[in-house]
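>>> predicted model, plus sequence, below.
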Amino acid sequence: MVVAIFFTSFLFGRYPVTPDKVMAILISKIISVPKSWTDTMETVVLQVRFPRIVAALMVGGALSVSGAAYQSVFKNPLVSPAILGVSAGAGFGAALGMILYLPWVAVQLLAFVFALLAVAISLFISKIIGGSSMIVLVLGGMVISAFFQALISIAKYIADPLDTLPAITFWLMGGLSKVSNNDVIFAILPITISIAVLYLLRWQVNVLTVGDEEAAALGVNINRIRLVVVLCATLMTAAAVSISGIIGWVGLLIPHMARMIIGPNFQLLLPVSLLMGSGYLLLVDNIGRSAGSVEIPLGILTSLIGAPFFIFLLSKAKKGWS
């Protein structure tokens, strides 16, 4: 299904490119084939649509896996990748870069750095006040998120209303319209490494969902595993948000859907969430850039689709969350 959505996505956009031309252009990068397309077609497919499609797959997969990891570690069905202030920190970093009129790559880098900084502060607060308490960590994340949201409001207040303010507002809505091949290269390494580490820790994560006492009895270092999982989930979320802006509901909705299909076993939950999240966000992005004359920001669409669908999922999950 994801493969079908991937190839179909090349057909969406303002500039028409036929399926045979798309396949020929893609194949030409692997083997030599007679050129039957224009330079404009090649630019559209390889420089515009290809990085956007790959970015949608990466961001959707990263947010979904991150949400599944957070929900498993915190044992809370309402936890999402934004719980520790990642999105708010990234939003302020991007807003700060735009106010300073920095190059776009610097704006993305600031978003990435401030996303990690927000979580680092949340972890520091948790360590100082609550030790290893997960409740204190979540509350600390909520406080830091609110703090950075206030900083975003200040940034919007002092931003130039003619150019900077609209740019900040549009970035906060989430979208992939500015994604380039360099952005994909920037984000793919932290996302891939984080997912690989989480998969290596799949057994320990499963044990954590049973309970702390049982996990300790089986020889699992609870605090260390939780910290590594939180760091990996944070790293991939920060990388995703830095190139896409704030896209909500994916990390909350998709893990629930995956859990209803295959159960809470993290060994299966991780790859299924990855595939479902990738396909879902790519499908939503296709809708956003083809539904009207003006592109609809991804964050708006995921909220419009996610909120009612999440209510539907809750109505079906009458046995509770596990």
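Good, I have the coordinates.

>>> run a quick neighbour tally on the nearest residue to residue 254 once chain neighbours are set aside.
Distances taken as Cβ to Cβ, 6 or more residues apart in numbering place residue 64 nearest to residue 254, at 4.0 Å, with adjacent residues excluded. Heads up, the C-betas are built off the backbone N, CA and C, glycines and all. Number of residues near residue 64 (other Cβ atoms under 10 Å) recorded here: 31.

>>> can you check residue 6 too?
Using other Cβ under 10 Å, the number of residues around residue 6 comes to 16.

>>> list the contacts for it?
53, 57, 282 (Cβ atoms under 8 Å, 6 or more residues apart in numbering).

>>> what helix or strand is it on?
Using DSSP states H and E, residue 6 sits in helix 2-9.

>>> could you export that helix as CSV, CA atoms only?
Output of helix 2-9 as CSV, limited to C-alpha atoms (Å, rounded to 0.1, in the frame of the first residue of the first chain):
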residue,chain,number,x,y,z
VAL,A,2,2.8,2.5,0.9
VAL,A,3,4.6,1.6,-2.3
ALA,A,4,1.5,2.3,-4.3
ILE,A,5,0.9,5.6,-2.6
PHE,A,6,4.6,6.5,-3.1
PHE,A,7,4.5,6.1,-6.9
THR,A,8,1.0,7.6,-7.2
SER,A,9,2.1,10.7,-5.3
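
>>> could you give the mean pLDDT of it?
Average pLDDT, helix 2-9: 93.

>>> roughly how far is it from the heart of the chain?
Relative to its parent chain, helix 2-9 has a centroid offset of 19 Å by Cα atoms, centre = their mean, to the nearest Å.

>>> next: stretch 159-178.
Centre to centre, stretch against its chain (Cα atoms, centre = their mean), the figure for stretch 159-178 is 19 Å.

>>> then stretch 54-63?
For stretch 54-63, the distance from its own C-alpha centre to the chain's C-alpha centre is 6 Å (Cα atoms, centre = their mean).

>>> so what touches it?
2, 6, 9, 81, 176, 179, 183-184, 187-188, 191, 194-195, 236-237, 239-240, 243-244, 247, 250-251, 254, 273-275, 277-282, 285.
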